[in-house]
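Peer 1: got a predicted structure plus its sequence, pasted below:
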Amino acid sequence: MSGDAQAARLGEPFGHGKVILLGEHAVVYDQPALAAGLSRGLAAAAIPGTGRLMVPAWALDVNVRDTASPVARAFAAILAALGAAELDVIVKADLPARAGLGSSAAFAISIARAVARARGGACDAATILAAATEAEKVFHGTPSGIDLAAASSGEVGRFERATGWRPVTVLQPMTLCVGLSGRPRDTHAQVAAVRRLRERTPGVRAVIETMGALVGEGERALGRGDIDELGRLLDVAHGLLAALRVSTGELEALVHTARDAGAVGAKLTGAGGGGAVIALAPGHERDVLRRWNEAGFQGFVATIGANGANDDEDGKKDGKKSGKDDRIAGGVQGPAKETSPS
């Protein structure tokens, strides 16, 4: 199901969160990456107003005139790109901010869709994407496009810098456990650190090439619905990322706790240095969440591979939740400080 269909199903314009399954950091060096839109994300509604933007779950309340605020500038960029003004937007965030889960892209897509709807005219996908890109430029300078592709489609896709995003065939939806380290990540710092390591240690280039090679294997596992094989690939990828020195004590604790609780594979997702971990634990999702919670970490479950359909276990329909385990254990994290919500 496309992101537009997802929005219609929920009754609100929607933007998906995302995870990197395989290939983070390697994608910087022209290797492929495998990313997935999450069934969780952000939903927005726009009404006539004064240019106010509210995200209660993130304790965020700004106005387009707040030029010192990156979030306000991103909101203003969307309004300008769509030729809109004097709108208020409220966003329901079912995703933590600044955790490496693509929250800024989900934020931008949901708001662009809400603003387009409020203007009363249909906007094609390219127009929505262009408006959201203007917001992402405020947050990230030159966004790669991977987060926006996942946020708008909710699909699993292969991404390469030279060719962009290509949807990947997935035999069946899969449930991921997502664990939050509690430490905001700094993507730029981690990318720079890997670059320095690669320059000083030539053997690191082989590590990066191996990470890229795992992506093709991951595609084939998804096409077969082979959860065990995908889990093994997650484990290998985490080891390679740890070798690049982007893991942390918190991330390692999340990974090993998930494996001990029955996960068939777990890894950090995104730049590292903080952020989140993903784990495949069929039949043991509750165990993983419980063990994470006991260790002092928050976590939730979400579906990937449903082509944007929100088919996660709690049966989230029409914008409502039944309260099962896809909630974030311990509550939704807001931003530690107001910068980018990604």
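Peer 2: Good, I have the coordinates.
Peer 1: make it CA atoms for all contacts and neighbour counts henceforth
Peer 2: OK.
Peer 1: spatially nearest residue to Gly218 (excluding sequence neighbours)?
Peer 2: Take Gly218 and drop its neighbours on the chain: the residue closest to it by CA to CA, 6 or more residues apart in numbering is Leu230, 6.0 Å away.
Peer 1: and what of Ala81?
Peer 2: The nearest residue in space to Ala81 (CA to CA, 6+ apart) is Ala131, at 5.2 Å.
Peer 1: ok, now how distant is that neighbour from Ile146?
Peer 2: The gap separating Ala131 from Ile146 is 15 Å, by CA to CA, to the nearest Å.
Peer 1: returning to that earlier point: so the residue nearest to Gly218 touches Ala221, yeah?
Peer 2: Yes. If you go by CA atoms under 8 Å, Leu230 and Ala221 touch, sitting 5.8 Å apart.
Peer 1: more neighbours: which of these two?
Peer 2: Counting neighbours by other CA atoms under 10 Å for Leu230 and for Ala221 shows that Leu230 has the greater number, 24 against 20.
Peer 1: next SSE after the one helix or strand that one maps to?
Peer 2: Secondary structure assigned from DSSP states H and E places Leu230 in helix 227-243. For helix 227-243, the succeeding helix or strand toward the C-terminus, using DSSP H and E, is helix 249-260.
Peer 1: outside of that following helix, which residues touch it?
Peer 2: 179, 181, 265-268, 274, 276-279, 281, 288, 291-292, 297 (CA atoms under 8 Å, 6 or more residues apart in numbering).
Peer 1: ok, those vs Ala99, which is closest?
Peer 2: Ala276 (6.0 Å; CA to CA).
Peer 1: what sits against the closest one?
Peer 2: Counted by CA under 8 Å, 6+ apart, Ala276 has contacts 99-101, 178-181, 251, 268-270.
Peer 1: go again with 7 Å.
Peer 2: With contacts defined as CA atoms under 7 Å, 6 or more residues apart in numbering, Ala276 is in contact with 99-100, 178-181, 268-269.
Peer 1: again with Thr248
Peer 2: 273-274.
Peer 1: rerun at 10 Å
Peer 2: 181, 183, 242, 254, 268, 272-275 (CA atoms under 10 Å, 6 or more residues apart in numbering).
Peer 1: how far away is it from Arg286?
Peer 2: 24 Å.
Peer 1: go on, Ala72?
Peer 2: Distance from Ala72 to Arg286, by CA to CA: 38 Å.
Peer 1: compare those two (neighbour count), which wins?
Peer 2: Ala72 (21 against 18).
Peer 1: just the angle between the helix ranked longest in the chain and helix 227-243, please?
Peer 2: For the chain, the longest helix by residue count, based on DSSP state H, is helix 204-224. Orientation note: helix 204-224 sits at an angle of 160 degrees relative to helix 227-243 (axes from the mean of the first three to the mean of the last three CA atoms, to 10 degrees).
Peer 1: tell me where the protein has helices.
Peer 2: Going by DSSP H, the chain shows helices at 3-10, 70-81, 103-118, 125-140, 146-153, 187-200, 204-224, 227-243, 249-260, 285-294.
Peer 1: can you put those helices in JSON lines and add distance to Gln31 and mean pLDDT?
Peer 2: Shown next, in JSON lines, are these (distance: least, CA to CA, whole Å; pLDDT from 0 to 100):
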{"stretch": "helix 3-10", "distance to Gln31": "27", "mean pLDDT": "42"}
{"stretch": "helix 70-81", "distance to Gln31": "30", "mean pLDDT": "96"}
{"stretch": "helix 103-118", "distance to Gln31": "22", "mean pLDDT": "95"}
{"stretch": "helix 125-140", "distance to Gln31": "21", "mean pLDDT": "93"}
{"stretch": "helix 146-153", "distance to Gln31": "13", "mean pLDDT": "93"}
{"stretch": "helix 187-200", "distance to Gln31": "14", "mean pLDDT": "93"}
{"stretch": "helix 204-224", "distance to Gln31": "5", "mean pLDDT": "97"}
{"stretch": "helix 227-243", "distance to Gln31": "14", "mean pLDDT": "98"}
{"stretch": "helix 249-260", "distance to Gln31": "24", "mean pLDDT": "98"}
{"stretch": "helix 285-294", "distance to Gln31": "31", "mean pLDDT": "98"}
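Peer 1: save those helices as CSV, and put in distance to Gly305 too.
Peer 2: Compiled in CSV, the helices of the chain are given as follows (distance: least, CA to CA, whole Å):
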stretch, distance to Gly305
helix 3-10, 13
helix 70-81, 28
helix 103-118, 17
helix 125-140, 20
helix 146-153, 11
helix 187-200, 25
helix 204-224, 9
helix 227-243, 12
helix 249-260, 21
helix 285-294, 17
